[in-house]
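Peer 1: For reference, the sequence and a predicted model appear below.
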Amino acid sequence: MTFRERAALVTGMLGAVGEGVRLRRHALRNDDRRNIPLSRIEPPETPMVIAAREFLAARCERVMANHSYRTGFWTMAVLHQHVEVTDQLRETAWVAALLHDVGLEVPPSKGDFSLGGVEVLKNLAREHRWSDEQTFDASQAIATNLSARVDPAAAGIVSWAMNVGGLAELGFPLHRAQMHPDRVSELEKRFERTGIREVSARLIREEAMRVPGGRFAFFRYLFPFITRG
């Protein structure tokens, strides 16, 4: 990463705090929407989602699979707060969330882990004849997810929602207001967090060694402190 890219990440962190304050206020004013039953935001049973789930189960540790499912529910909770969720949007968001970290365990031949997730996504998209639009939107969400803040106007609503949901999943208190505490408890009982801090720290350390100039090389010492156990 260049100095400018590192500076942009740090600046983005400040933006994320401000956005988190605004999102929390919005969520608390709309308590019925953040208390949406998990059954209403489940992953759809489409061929592409099923393929993503099967890949995740076959190639990733259970701890990281649970993390990806929690990220999916958080992403859907954010979308439900702010936009009308169509079937296409729901499918796109779930595929992106399920595959967003697979590159940590199935790394690409070159480049950082996000490219591994994009490669897997594109292979599945070709196999299942997924639309170019959904492939692009999901790829964008995976590529931008490890950012302090994502601009929805520039990167798209799925990228933005998964970034906000991902921060909530990590444990950022302001962002966690996007889901009612009762639903959070239900989610984390269903997809338990046990081992997430230890396993993610190991995978991040391996990624930092594989790509010394990558984003996780910059963030690696911060993540154990911001990841909720």
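Peer 2: Now that the structure is in, tell me what you want to look at.

Peer 1: From residue 16, how far off is residue 25?
Peer 2: 15 Å (C-beta to C-beta, to the nearest Å). (Glycine included, C-beta is placed from N, CA and C.)

Peer 1: okay, the two: which has more neighbours?
Peer 2: residue 16 (21 against 12; other C-beta atoms under 10 Å).

Peer 1: Now the closest residue in space to the more buried one that isn't next to it in sequence: which helix or strand?
Peer 2: Leaving aside its chain neighbours, residue 16 sits nearest to residue 149 (4.3 Å; criterion: C-beta to C-beta, 6 or more residues apart in numbering). When elements are assigned from DSSP states H and E, residue 149 belongs to no helix and no strand.

Peer 1: Residue 149: neighbour count?
Peer 2: Residue 149 sits with 21 neighbouring residues when counted by other C-beta under 10 Å.

Peer 1: ok, it touching residue 17?
Peer 2: No. With contact defined as C-beta atoms under 8 Å, residue 149 does not reach residue 17; the gap is 9.0 Å.

Peer 1: before we move on, back to that, phi, psi of the residue nearest to residue 16?
Peer 2: Note on residue 149: its backbone torsions stand at phi -150, psi 140 [degrees, to the nearest 10].

Peer 1: Can you tell me how far it is from residue 175?
Peer 2: Distance from residue 149 to residue 175, by C-beta to C-beta: 11 Å.

Peer 1: Tell me how many other residues surround residue 82.
Peer 2: Going by other C-beta under 10 Å, the residues that sit close to residue 82 add up to 18.

Peer 1: what's the answer for residue 213, then?
Peer 2: Residue 213: 11 surrounding residues under other C-beta under 10 Å.

Peer 1: What score does it have for pLDDT?
Peer 2: pLDDT recorded at residue 213 is 80.

Peer 1: what's near enough to touch residue 175?
Peer 2: Applying C-beta atoms under 8 Å, 6 or more residues apart in numbering to residue 175 gives the contacts 20, 23-24, 164-165, 167-168.

Peer 1: That one is in what secondary structure piece?
Peer 2: Residue 175 belongs to helix 173-176 when assigned by DSSP H and E.

Peer 1: For that helix, buried residues please.
Peer 2: Within helix 173-176, the residues scored as buried using 16 or more other C-beta atoms under 10 Å are 174-176.

Peer 1: Now these in CSV, please, with extra columns for distance to residue 46 and pLDDT.
Peer 2: CSV is the format used below for these (distance: C-beta to C-beta, whole Å; pLDDT from 0 to 100):
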residue, distance to residue 46, pLDDT
174, 33, 93
175, 28, 94
176, 28, 95
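
Peer 1: which one of those residues is nearest residue 81?
Peer 2: Closest approach to residue 81 among these (C-beta to C-beta): residue 175, at 11.2 Å.

Peer 1: Need the nearest residue in space to the closest one, chain neighbours excluded.
Peer 2: Of all residues not flanking residue 175 in the chain, residue 168 sits nearest, at 3.9 Å (C-beta to C-beta, 6+ apart).

Peer 1: In contact with the one you found, which residues?
Peer 2: Counted by C-beta under 8 Å, 6+ apart, residue 168 has contacts 74, 77-78, 175-176, 178-179.
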